[in-house]
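Asks: Compute the structure for the input listed below.
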Amino acid sequence: MRRFGITMTVGKGSEVMDALNHSYVALCERLAIIPVLIPNALADPVTLCLELGISGVILTGGNDVQLPDETLGPATAAPRRDGQERQVLDFALAADLPVLGICRGLQFLNVYFGGGLSYGPRTPNGGLLPHVATQHRVELTTAAIRQRLGASFMVVNSYHNDYVLSDQLAPPLSAFAVCAADGVVEGVNHRTKQVLGLQWHPERAGSDIERDNLLLQGFLDGSLWHDEPRA
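Replies: Now for the predicted structure:
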């Protein structure tokens, strides 16, 4: 079984601690992956990845992503986590390892590659659907993904306040799933790297497990990037 490094949420209370929802462990078991936890307090997370033979990375949900030009981020920002994940992502990309970003993970990937990010939630008349603790439809925007999943849309779960809009997408990323009702980007892949980002949570209830599995298996075996020419 492959070992994937998996990042953790910084919890803020009387003591700072890291946490990982058990649903991520269940997802790893579903995908035949051994999860290797990457604590946010490590001085050198890359050494951990090297010593334990990490062959891929999962960037999980949780804390808000702080934009590079902000001295003060949102209340739930975690600059230490951002720094750790940037080191891990530098390592994974240099080694050409597969990277999966879930929810915050998609947002972090977009910011890392030079894209933008909007902080929410929006007001009811702000033009966005509710995206917290709900389900909604996403349109699959590429022929290859529609063919792979046997559908033109999916109904996904949604647990995010922050979001990426189409005009904020980083140049190296392509969107393959978009919430047509409000333009929120829901699925991205890198044009030349084995990098996949999902705004929804395939590890949680309320998503389409069958199509999630098709998508994630294509990500893991690399065939997702062979479906159509990559720029």
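Asks: can you map out the helices along this protein?
Replies: 22-30, 45-51, 79-94, 104-112, 143-149, 209-221 (DSSP state H).
Asks: Turn those into CSV, including mean pLDDT, mean neighbour count and distance to Gln194.
Replies: To be clear about C-beta, it is placed using only N, CA and C from the backbone, and glycine gets the same treatment. CSV is the format used below for the helices of the chain (pLDDT from 0 to 100; neighbours: other CB atoms under 10 Å; distance: least, CB to CB, whole Å):
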stretch, mean pLDDT, mean neighbour count, distance to Gln194
helix 22-30, 97, 16, 17
helix 45-51, 96, 16, 16
helix 79-94, 96, 18, 9
helix 104-112, 97, 25, 12
helix 143-149, 94, 17, 15
helix 209-221, 95, 17, 7
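Asks: Out of the ones you listed, flag the one nearest Gln66.
Replies: Closest approach to Gln66 among the helices of the chain (CB to CB): helix 79-94, 5.6 Å.
Asks: where exactly do the strands run in this protein?
Replies: For the chain, applying DSSP state E gives strands covering 2-7, 9-11, 17-19, 33-38, 56-59, 99-102, 132-140, 153-159, 173-179, 184-190, 195-198.
Asks: Go ahead and name everything in contact with the second one.
Replies: Read that as strand 9-11. Residues outside strand 9-11 that contact it (CB atoms under 8 Å, 6 or more residues apart in numbering): 16-21, 40, 60-63, 78, 80-81.
Asks: Now do it: distance to the chain's middle.
Replies: 16 Å (CA atoms, centre = their mean, to the nearest Å).
Asks: quick one, what contacts the residue lying closest to Lys12 once chain neighbours are set aside?
Replies: With CB to CB, 6 or more residues apart in numbering as the criterion, Lys12 has its nearest non-adjacent residue at 7.6 Å, and that residue is Thr76. Residues in contact with Thr76 (CB under 8 Å, 6+ apart) are 12, 63-64.
Asks: From the contact counts, what lies against the worst-scoring helix or strand of the chain on mean pLDDT?
Replies: Lowest by mean pLDDT, DSSP states H and E among the helices and strands of the chain is strand 132-140, with a mean of 85. Here strand 132-140 touches strand 153-159, strand 173-179, strand 184-190, going by 3 or more CB pairs under 8 Å, 6 or more residues apart in numbering; DSSP states H and E.
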